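> take a look and give me a structure for this.
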Amino acid sequence: MTTFVLVPGFWIGGWAWDEVAASLRAAGHRVHPVTLTGVAENAHLATPETNLDTHTDDVVRLIEEEDLRDVVLVGHSGGGMPVTQAADRIPQRIKRVVYVDSGPLPDGVSQFDTNPPEEQERLRAQIGDGHLLPVRDWDAQADPALLAGLDEATLATLRERSTPHPLGAATQPVRRTAGGDDLPVALVACLFPVEQVEAMVAEGHPFFAAFRGGEIRGLPTGHWPMFSEPKRLAEILDELS
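Coordinates of the predicted model:
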């Protein structure tokens, strides 16, 4: 039996892991999906001060209050940032870190920094003086690669249940102290083939610049495999446990 803590990416709560969690529990594992502060059922808690440190505290608090040990800590997409910081803070409780279509950003880099300058300008204009990152459109025609594998019913659920994401979680840079650098790390590659991810790691691409010496597993699908390939994702997590 392994203890999993599952952290979702932007705009979605712990509910996004329902099918993956059910499969992992059926295999005998303990599973703790996380809903971060200011998102989903916690949307009312979002403030201008909600940031990456807040979300890191969410993950660390769950692990410590539940006295979880030998945790496989899983971060999807933007959830990889609080996972990175949490593993850095409490490495003694972590067995392995798994990034799902994500990666450990280098120290001093934020998710917002990974966007091209023109996209940053567009988002800043859209947000204005607000403190929330608007929900994406979930338009399969506009984003066929990102949303690959999602049927219309799933897209409708995402449109209904997604909530804006605290902007500070995207703009605050990741801070690392090397506390978790010795932990085993794995990456589940969905959008990019494994060979391309390996090349991006080698060239120091920001998405994967801090990923060194870990296992890379391919799961060809869109950017939300917990919806498009939940059973296969659960199988891979089980294998990595």
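
> got phi/psi on Ile94?
phi -110, psi 130 (degrees, to the nearest 10).

> so it touches Leu73, yeah?
Yes: under the criterion of CB atoms under 8 Å, Ile94 makes contact with Leu73 at 5.4 Å. In short, each C-beta sits where N, CA and C put it, glycine included.

> now do the shared contacts for the two.
Taking CB atoms under 8 Å, 6 or more residues apart in numbering as the contact rule, Ile94 and Leu73 both touch Ala86, Ala87.

> quick one: which of these two has more around it?
Neighbour tally, Ile94 and Leu73, criterion other CB atoms under 10 Å: the higher count belongs to Leu73, 30 against 24.

> and that one, what does it touch?
Leu73 sits in contact with Val5, Val7, Val59, Val83, Ala86, Ala87, Ile94, Arg96, Val97, Val98, where contact means CB under 8 Å, 6+ apart.

> for those, give me a markdown table that also has distance to Leu167 and secondary structure.
As requested, the contacts of Leu73 are exported to a markdown table (distance: CB to CB, whole Å; DSSP: H, G, I helix; E, B strand; the rest coil):
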| residue | distance to Leu167 | secondary structure |
| --- | --- | --- |
| Val5 | 24 | strand |
| Val7 | 18 | strand |
| Val59 | 19 | helix |
| Val83 | 19 | helix |
| Ala86 | 20 | helix |
| Ala87 | 24 | helix |
| Ile94 | 28 | strand |
| Arg96 | 30 | strand |
| Val97 | 25 | strand |
| Val98 | 26 | strand |
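
> nearest to Val188, of those residues?
Of all these, Val98 has the smallest distance to Val188: 6.6 Å, by CB to CB.

> from Val98, how far out is Glu215?
When distance is defined by CB to CB, to the nearest Å, Glu215 is 9 Å away from Val98.

> counting neighbours, go ahead and name the busier of these two.
Neighbour count, other CB under 10 Å: between Glu215 and Val98, Val98 has more, with 26 against 13.

> beta-bridge partners for that one, please?
Val74, Ala186 (DSSP bridges).

> contacts only, for it.
Val72, Leu73, Val74, Gly75, Val185, Ala186, Leu187, Val188, Leu237, Leu240.

> which of those residues count as buried?
Val72, Leu73, Val74, Gly75, Val185, Ala186, Leu187, Val188, Leu237, Leu240 (16 or more other CB atoms under 10 Å).

> in a markdown table: those, plus distance to Ile63 and pLDDT.
Formatted as a markdown table, the buried ones among the contacts of Val98 follow (distance: CB to CB, whole Å; pLDDT from 0 to 100):
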| residue | distance to Ile63 | pLDDT |
| --- | --- | --- |
| Val72 | 11 | 98 |
| Leu73 | 8 | 98 |
| Val74 | 13 | 98 |
| Gly75 | 13 | 98 |
| Val185 | 17 | 95 |
| Ala186 | 19 | 96 |
| Leu187 | 21 | 96 |
| Val188 | 21 | 97 |
| Leu237 | 17 | 98 |
| Leu240 | 18 | 95 |
